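In: Prediction below, plus the sequence it came from.
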Amino acid sequence: MSDGANTPLFAPARWRELRVLIDRLEALAADARERELAALGARDAELAAAARDLLAEPMAAAAQPEHAVARLLDEIDAAIPGRIGPFQPVRRIGAGGMGTVWLAERRDADFVQRVALKLLDGDAARMAQLAARERRVLASLSHPNITAFVDAGTANGRAWLAMEYVDGEPLLAYCAAHALGARARVALFDQVCAAVAHAHAQLIVHRDLKPSNVLVAGDGTVKLLDFGIARVLDASDEQAPATRVFTPEYAAPEQLRGERATTTTDIYALGLLLYELVSGRRLPTLERGGGDPDWSTTALARHAAAPDAAPPSSAIDARQLRGDLGRIIAHTLAADPARRYGTVAQLRADLRRWLEHRPLTIARPSLRYVAARFVRRNRVAVAIVAIALLALIGTTAFALWQARQATRMAVRAEHSKTFLAGLLTDANPFQSAHGGKNNIALLDSAAQRIDKEFSDAPDQQVELRQIIADALSRLGEPKLANDLQRRSVEQIRQLHGERSPQLGVALGVLAQTAEDSGDIETARTQFEAAYTILQSTGDAYRRQRMTAMTGLAKMANRRSDFAEGQRWYERVLQERLAQEGPASQDIAMDLFNLGACALYQERYAQATDLMRRAHAMLEHTLGAAHPRFIYVDLGLGVAQMKSGHIDDAIKTLTDALNLAGANLKPGAEMVGTIQSALASAQWCAGDDAAAIASAQAAREILAAAHAPTLGVAELTLGRAQLRTHTPQALRTLADSRQHLRADSARAAGNAKFLALAQAAQGAALAQGGDAAQGEREARAARTNLLAVYPSGGEKLGEIDAYLADILAAQGKTGAAHDLRVEALATFQRVYGDAHPVTRALAQQIASR
Amino acid sequence: MEFPITDWLRAAGGGDHDAGDRAYAAVYAELRRLAARQLGRGAQATLTPTALVNEAFLKLTDGALANLNDRRHFFNLAARAMRQTVVDHARERLAQKRGGGLLRTQLDDEGTADSALDAQQALAIDQALRALDAQDSELAETFAWRVFAGLATPQIAQLRGVTERTVQRDINLARNYLRRALEGA
């Protein structure tokens, strides 16, 4: 439609003339009207034609111009969906490759919750599956600059996601409307960076950062939309290399090539966003095409000053892009991801330097650049991965230390393994030809060459070693990692001195690699050395000190000195409370650790209480269904089981199992561990069929994972089989003992299980007819237990109960009765009267 | 009353732009809400402007907008809101057809052809109605009340203080004018 439609058809005087004429003609009969028009036509043909036209008889409805409007209203009508889950769509606010977005409301008695409701196109079942898998990941993003995830589900065959609704202006429009200068724009951009950094710390990549995904709310808070949506919509197949959902104009070169998006992909998009924010123009990356050359600051400035059209809103003189701001942008836009800023934090740091007129960190070729060049020279593609991996976990040794701590939780580890696997696949096309081991060999040889190539730069040697050590550690090569880190420690000792905090930190990292490789004694010595240095380094090293103390607590627990472990955890808790106030995720984990100590010391009521507090604090700080509940609920479930709250325990452990299933890879060791605990609880509840099913599932997973806890799962399985008179019990219990014995790292803790397995095996022998041999095994088990564990505890009661069964089978009812009474006293002491195990035994005694 | 809509309408009538904007926003929001609720009721319910606008009128004014000017003002706002809805929808349709910068493979092409024509036509009517408004605002108002607010002939006659016959004539005239404008463009 041309603009001419806006202009009236007739000049005002002409229109007045026409209206008078029309009013008069209207009143006439048809033939009189025609005569008048004919006469008029001779005088003013144009006027007559216009009047005839405007007087035309009413048109058929379908010919009326407004008919299109009516049809569109129908279409709008049809397009507004009915109720979706608890939400009523109100207004369509957008559409995209994934579907449509609606402003929707949930109306309760006294408040209206408004959300941005995304109705996803595509196969509902598949979308729902993806949404379910990722909703917890989305829910884990909690940041003031990220629109919060509200809910997800399916309705009428479509999957939907509800996100926080932001009533704001698009970023660029906001900047233009407020005529913001470059510094104010960079300040807004920094909020975007904060949001992205938060997500990257959770190992979540946005993949579709662009100006229209950033809103500024009325109070000036920047809100980043659609975080994780792309991830949700991404192919469900972990192996699929490419993401489908992105906007070509804002995509990084590697995305356009169909490669997997990484955190550095987001950094590229941030660079484009920054460019558009300050220059008011989109950088024509897509249009330029071909060959992916890097952007020079000159080219950036040239495009900003292009004379095609006045930019709607620019904050800077295009020439400014030739300076440091342009250098920052060009650095984010490097065609090779390895040469971009490795982390959002680095980009932010340089922007801060720019704001403060200080020299940039990229003034000289960065370490990352040097490192990448080094790696390329070595044709070790996989080492790029190590550098890229660093982007996920921070740069300095301190960040590395903290990140290692943060990523210790297995969910994170699973995530980073997935990421690493993805990165490896992308970076090393020869992987399939050479096999996975090759990566490790390449990393190892890269590490060796660091000595030669960086002999004049010990600081860089240290940093590179730590990067590669960390990658090795993640690849499941803690011994190689440990060797490498040990050399770093020596170097730091020479560089910074015997009492330097740097040495304390490096020793802490070293201790962890030692712990990972099973060298507990060395780990303990090194944690102690780390703590000795760090205890006098003040508040600045509090975090690292707490980690060393946590390490010492773990070491104490591993040698079964749980009282000592508890003392360390209590000190950690005190430092933490001083640092983080009354409630935090970390405090919740400290409470959890203390609960675990109480559990080991068989103080079950106290353990349950501590675990419950840990659970409640996590719920308070992280919200429900966060992956971290997997661990806490495992502890809580075991504590509940031991304190006799079997129903609670089964519920807690089932929740943990579901959460683990939704968050961890199938076959993750943790899933097996939870199933093993669940089997125990089911055994306590007397549900042998369920216990056998759970224990068998646990056994499969733990065997495949070569998990040291396999023997414990087999013990539960064997005991349930024994109670159901299944002949396999004997074989299962023999396996259990073998696997328990093989786990030398936990010899002290396993001694109790070993004794119990031996006694159960005795009972199985007796059940099979060889009561005499059974009795010998059970008595030996009793002796073995008391040798390592003089007070006996609950396991003594369990062994005595088996021994009593064997004696009873031999007709020695008196001795059997006495033993059962003794076992009952033990159960009453450890479990209390109400515990089902206690009650079952009491009943057995009463019935005889 | 939920909104001081009467005050706003009066202030807007007196040239207070801010009050006008607020009144417009209130009417617009109410129409959306009503439309959504209407559709929540069941399959038969459709988005007829008549029902929506009249219900919004009752809801926002308690049916007690005695002043004729206020009433005219209200229905003008309602027509503007519905018109904006149609224009937004039409633009979106056309943007979708063009692909809107998204990956082409993600697009769903079904049924876009017909509705793209309607969308173009609706935008053209919006433009032509501006021309008519510049030519003869009363005609344009009458047409908008009919098409976008769904007002019936007697209602319009009452609002304008003219006979129903005049309203019918004016609507016919407006249609012919718009057709001419559309053809001429």
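Out: Perfect, I can see it now.
In: Next up, the contacts around residue 170.
Out: Using chain A. Listed by CB atoms under 8 Å, 6 or more residues apart in numbering or on different chains, the contact partners of A:P170 are A:P211, A:S212, A:V214, A:L215, A:V216. Heads up, the C-betas are built off the backbone N, CA and C, glycines and all.
In: Not quite, go with chain B.
Out: B:D170 makes contacts with B:E138, B:L139, B:T142, B:F143, as judged by CB under 8 Å, 6+ apart.
In: please redo it, this time with the cut-off set to 7 Å
Out: With contact set as CB atoms under 7 Å, 6 or more residues apart in numbering or on different chains, B:D170 has these partners: B:L139, B:T142.
In: Can you say which helix or strand has it in it?
Out: Secondary structure from DSSP states H and E places B:D170 in helix B:164-184.
In: Show me the helices in the stretch 251-400 of chain A, by range?
Out: Secondary structure of the stretch 251-400 of chain A, counting by DSSP state H, counting those that start in this stretch: helices at A:253-256, A:263-279, A:285-288, A:297-304, A:324-332, A:344-355, A:367-377, A:381-393, A:397-406.
In: Pick out the shakiest of the ones you listed, pLDDT-wise.
Out: Comparing these by mean pLDDT, the weakest confidence falls on helix A:397-406, with a mean of 33.
In: Any buried residues in the longest helix along chain B, and which?
Out: In terms of residue count, the longest helix belonging to chain B (DSSP state H) is helix B:68-98. For helix B:68-98, the buried set under the neighbour-count rule, 16 or more other CB atoms under 10 Å in any protein chain shown, comprises B:70-83, B:85-87, B:89-90, B:92-94, B:96-97.
In: restrict these to contacts with chain A.
Out: When these are filtered against chain A using CB under 7 Å from any CB of the partner chain, the residues retained are B:T85, B:V86, B:H89, B:A90, B:E92, B:Q96.
In: Of the residues you listed, which is the nearest to A:L40?
Out: The shortest gap between A:L40 and any of these belongs to B:V86, at 38.1 Å (CB to CB).
In: contacting residues for that closest one?
Out: Shown in contact with B:V86 (CB under 7 Å, 6+ apart): A:V69, A:L72, A:L73, B:A122.
In: looking at this, A:T100 is in a strand?
Out: Yes: using DSSP: H, G, I helix; E, B strand; the rest coil, the assignment for A:T100 is a strand.
In: For A:D226, see how far away it is.
Out: Distance from A:T100 to A:D226, counting by CB to CB, to the nearest Å: 13 Å.
In: who's more crowded, the two?
Out: Higher neighbour count among A:T100 and A:D226: A:D226, with 27 against 20, using other CB atoms under 10 Å in any protein chain shown.
In: How confident was the prediction at the more buried one?
Out: 73.
In: hang on, it in a strand?
Out: No: residue assignment for A:D226, taken from three-state DSSP, gives coil, which places it outside any strand.
In: count of residues packed around the closest residue to it other than its chain neighbours?
Out: Leaving out its chain neighbours, the residue that sits closest to A:D226 by CB to CB, 6 or more residues apart in numbering or on different chains is A:N213, at 5.4 Å. In terms of burial, A:N213 registers 24 neighbours under the definition other CB under 10 Å.
In: Then A:R487?
Out: Other residues lying near A:R487 total 17 when counted by other CB under 10 Å.
In: now A:R302
Out: If you count neighbours by other CB under 10 Å, A:R302 ends up with 13.
In: cool, A:N784 as well?
Out: Here the neighbour count serves as a burial measure; for A:N784 (other CB under 10 Å) it reads 18.
In: For it, what is the enclosing helix or strand?
Out: Element membership of A:N784 [criterion: DSSP H and E] is helix A:771-788.
In: Go through the helix holding B:D170 and flag the buried ones.
Out: The neighbour-count criterion (16+ other CB under 10 Å) identifies B:166-182 as the buried residues of helix B:164-184.
In: Stretch B:125-145 now?
Out: For stretch B:125-145, the buried set under the neighbour-count rule, 16+ other CB under 10 Å, comprises B:125-133, B:135-136, B:139-145.
In: Output it in CSV with nothing but the alpha carbons.
Out: Backbone C-alpha positions of stretch B:125-145 (Å, rounded to 0.1, in the frame of the first residue of the first chain) are rendered in CSV as follows:
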residue,chain,number,x,y,z
ILE,B,125,-8.2,-0.6,5.0
ASP,B,126,-6.4,0.9,8.0
GLN,B,127,-4.6,3.2,5.7
ALA,B,128,-7.7,4.1,3.7
LEU,B,129,-9.6,4.8,6.9
ARG,B,130,-6.9,7.3,7.8
ALA,B,131,-7.6,9.0,4.5
LEU,B,132,-11.3,9.0,5.2
ASP,B,133,-10.7,10.4,8.7
ALA,B,134,-8.7,13.2,7.2
GLN,B,135,-11.5,13.8,4.7
ASP,B,136,-14.6,13.4,7.0
SER,B,137,-14.0,12.3,10.5
GLU,B,138,-17.6,11.6,11.3
LEU,B,139,-17.9,9.1,8.5
ALA,B,140,-14.7,7.4,9.5
GLU,B,141,-15.9,7.3,13.1
THR,B,142,-19.2,5.7,12.1
PHE,B,143,-17.5,3.1,10.0
ALA,B,144,-15.0,2.3,12.8
TRP,B,145,-17.8,1.9,15.3
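In: how about it against chain A, any contact?
Out: Yes: counting by CB under 7 Å from any CB, chain A has neighbours in stretch B:125-145: B:I125, B:Q127, B:A128, B:R130, B:A131, B:A134, B:Q135, B:D136.
In: Among the residues you listed, which one sits closest to A:T550?
Out: Distance ranking of these against A:T550, using CB to CB, places B:Q127 first at 70.3 Å.
In: Now do the helix or strand hosting that closest one: which elements does it pack against?
Out: With secondary structure defined by DSSP H and E, B:Q127 is part of helix B:112-135. Using 3 or more CB pairs under 7 Å, 6 or more residues apart in numbering or on different chains; DSSP states H and E as the contact test, the elements touching helix B:112-135 are helix A:67-79, helix B:68-98, helix B:137-147, helix B:164-184.
In: so which of these comes closest to A:P12?
Out: The minimum distance between A:P12 and the helices and strands packed on helix B:112-135 falls on helix B:137-147, with 12.3 Å, by CB to CB.
In: separation between the residue nearest to A:D516 when sequence neighbours are not counted and A:Y631?
Out: Excluding its sequence neighbours, the residue lying closest to A:D516 (CB to CB, 6+ apart) is A:P478, at 3.6 Å. Distance from A:P478 to A:Y631, counting by CB to CB: 21 Å.
In: can you count the residues close to A:G220?
Out: Neighbours of A:G220 under the rule other CB under 10 Å: 13.
In: give me every residue that touches it.
Out: For A:G220, no residue meets the contact criterion (CB under 7 Å, 6+ apart).
In: Same question for the one 4 residues further on.
Out: Contacts here follow CB under 7 Å, 6+ apart; on that basis A:L224 touches A:N145, A:I146, A:T147, A:V192, A:A195, A:N213, A:V214.
In: try B:L151
Out: Applying CB under 7 Å, 6+ apart, one finds that B:L151 lies in contact with B:F75, B:W145.
In: returning to what we had before: what packs against the helix holding A:N784?
Out: Under the contact rule (3+ CB pairs under 7 Å, 6+ apart), helix A:771-788 is packed against helix A:747-767, helix A:793-809.
In: Any stretches of chain B with poor pLDDT?
Out: Low-confidence segments of chain B, defined by pLDDT under 70: B:1-26, B:28-68, B:96-115, B:185.
In: Restrict stretch A:42-60 to CA atoms and write it as PDB.
Out: What follows is the C-alpha trace of stretch A:42-60 in PDB, where atoms were taken according to Å, rounded to 0.1, in the frame of the first residue of the first chain:
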ATOM      1  CA  ALA A  42     -22.200  17.300 -19.200                       C
ATOM      2  CA  ARG A  43     -21.000  20.100 -17.000                       C
ATOM      3  CA  ASP A  44     -18.500  18.300 -14.600                       C
ATOM      4  CA  ALA A  45     -18.000  14.700 -15.700                       C
ATOM      5  CA  GLU A  46     -15.500  14.000 -12.800                       C
ATOM      6  CA  LEU A  47     -17.900  15.200 -10.100                       C
ATOM      7  CA  ALA A  48     -20.800  13.200 -11.600                       C
ATOM      8  CA  ALA A  49     -18.600  10.000 -11.800                       C
ATOM      9  CA  ALA A  50     -17.500  10.400  -8.200                       C
ATOM     10  CA  ALA A  51     -21.100  11.000  -7.000                       C
ATOM     11  CA  ARG A  52     -22.300   7.900  -8.900                       C
ATOM     12  CA  ASP A  53     -19.500   5.800  -7.400                       C
ATOM     13  CA  LEU A  54     -20.100   6.900  -3.900                       C
ATOM     14  CA  LEU A  55     -23.800   6.400  -4.200                       C
ATOM     15  CA  ALA A  56     -23.400   2.800  -5.300                       C
ATOM     16  CA  GLU A  57     -25.900   0.400  -3.800                       C
ATOM     17  CA  PRO A  58     -24.900  -1.600  -0.700                       C
ATOM     18  CA  MET A  59     -22.400  -4.200  -1.700                       C
ATOM     19  CA  ALA A  60     -22.700  -7.900  -1.000                       C
END
